[in-house]
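Engineer: Provide a 3D model corresponding to the input given below.
(one chain, ligands or ions: 1)
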Amino acid sequence: MSRDELKKAVGQAALKYVRPGTVVGVGTGSTVAHFIDALATMKHDIEGAVSSSEDSTAKLLACGIPVIDLNNVDQLSVYVDGADEINPQMQMIKGGGAALTREKIIAAVAEQFICIADASKQVDVLGHFPLPVEVIPMARAYVARELVKMGGLPEYRQHVVTDNGNIILDVYNLSIVNPAELERKINALPGVVTVGLFAARGADVALIGTEGGVITLKKGV
Ligand SMILES: O=C(CO)[C@H](O)[C@H](O)COP(=O)(O)O
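Structural biologist: All right, here's what the predicted structure looks like:
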C-alpha cells in the first residue's frame with residue numbers, strides 16, 4: 001500500500017469516534033484531508049466542525065461541512081489530527097503544516113485527541129523530525145539564539161507565514177528525552193507563541209496505518 005493509502009485508511013477509521021449531533025475538531029494536513037472526505041459522508045449527522053487552519057476551513061466548506069468558531073463551542077468530544085512523529089507515550093511533534101498553535105488550542109478543548117498517522121510517524125524518541133516553533137517575527141533572532149543554547153539548530157522556514165501572522169523556526173539536532181520539560185522550556189521564551197511538542201496534552205487514541213491494517217493504540221494501555 002502507498003503512504004497515501006495508509007493515510008486514507010486511518011482517515012476513514014477515525015469516523016467511528018465521531019458522535020452524531022456533535023461538533024468535531026479537525027486538524028490540518030494530508031492525513032486530515034482524507035478524514036474530511038470521510039466526514040463529508042456524515043455531514044448531515046453532525047453539527048459542524050471547528051477548524052485548525054485556513055486550509056482545513058476551505059476544504060471543510062468545499063465539502064459542505066459548516067465551520068464553527070471555537071468561541072461558540074462549549075464542548076468538543078473529539079479532535080482528529082495527524083502528527084509528524086508520535087512516541088509510545090502518545091506524545092507528538094506537530095506543525096509540519098505550520099498550524100501548530102491553532103491545533104494545540106483545539107486539542108486543549110477536546111475531551112479526546114485522536115491521532116491519525118501512517119506507521120512511518122512512529123518513533124521511540126521524538127526529535128528526528130525538526131521541531132517547529134511558532135514565533136512572533138520580531139523575536140526570531142532572540143528565540144533562535146536561545147534554542148541554540150538548548151542544543152538545537154534552528155532554521156527559519158522561508159516563505160511561510162502562519163495563519164496567525166507569525167514565522168516558524170524548525171529546530172534540528174534535538175533528541176527529546178523529556179518532551180514535557182522541553183515543551184515548558186520553549187513555551188516560556190518571550191516571543192514564542194507555541195512549540196510543536198504535544199507532550200503535556202498528547203493523544204488519547206492513535207490510529208496507525210500499517211500494511212496489515214489500522215492499529216488502534218490507547219494512552220496508558
Ligand atoms: O501538524 C500538522 C500540521 O501543522 C500535521 O498534522 C502534520 O504535519 C502531519 O501532516 P500529514 O498528515 O500531511 O503527514
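
Engineer: quick check: domain ranges of the chain?
Structural biologist: Listed by automatic domain parsing, the domain ranges of the chain are 3-123+200-218, 131-195.

Engineer: any idea how far apart the tips of the last one sit?
Structural biologist: As for domain 131-195, its first-to-last residue distance stands at 8 Å under the measure Cα to Cα, to the nearest Å.

Engineer: that domain near the ligand anywhere?
Structural biologist: No: using Cβ under 6 Å from any ligand atom, domain 131-195 never reaches the ligand; the gap is at least 7.4 Å. Quick note: C-beta positions are derived from backbone N, CA and C, even for glycine.

Engineer: picking up where we left off before, which of the domains of the chain is buried the deepest?
Structural biologist: Highest mean neighbour count among these (mean count of other Cβ atoms under 10 Å): domain 3-123+200-218, with a mean of 19.

Engineer: average pLDDT for that domain, rounded please.
Structural biologist: For domain 3-123+200-218, mean pLDDT rounds to 98.

Engineer: how far out from the middle of the chain is it?
Structural biologist: When distances are taken as Cα atoms, centre = their mean, to the nearest Å, domain 3-123+200-218 is centred 8 Å away from the chain's centroid.

Engineer: gap between the two ends of that domain?
Structural biologist: 22 Å.

Engineer: so what's the residue nearest to residue 187 when sequence neighbours are not counted up against?
Structural biologist: Excluding the flanking residues, the one nearest residue 187 by Cβ to Cβ, 6 or more residues apart in numbering is residue 195, at 5.7 Å. When contacts are counted by Cβ atoms under 8 Å, 6 or more residues apart in numbering, residue 195 touches 100, 131, 132, 133, 134, 182, 183, 186, 187.

Engineer: what residue in this protein is the furthest from its centre?
Structural biologist: residue 149 (26.3 Å; Cα atoms, centre = their mean).

Engineer: show me which residues of the protein sit near the ligand.
Structural biologist: Contact residues (Cβ under 6 Å from any ligand atom) of the chain with the ligand: 27-31, 81-84, 94-100, 103.

Engineer: show me those that map onto strands.
Structural biologist: residue 81 (DSSP state E).
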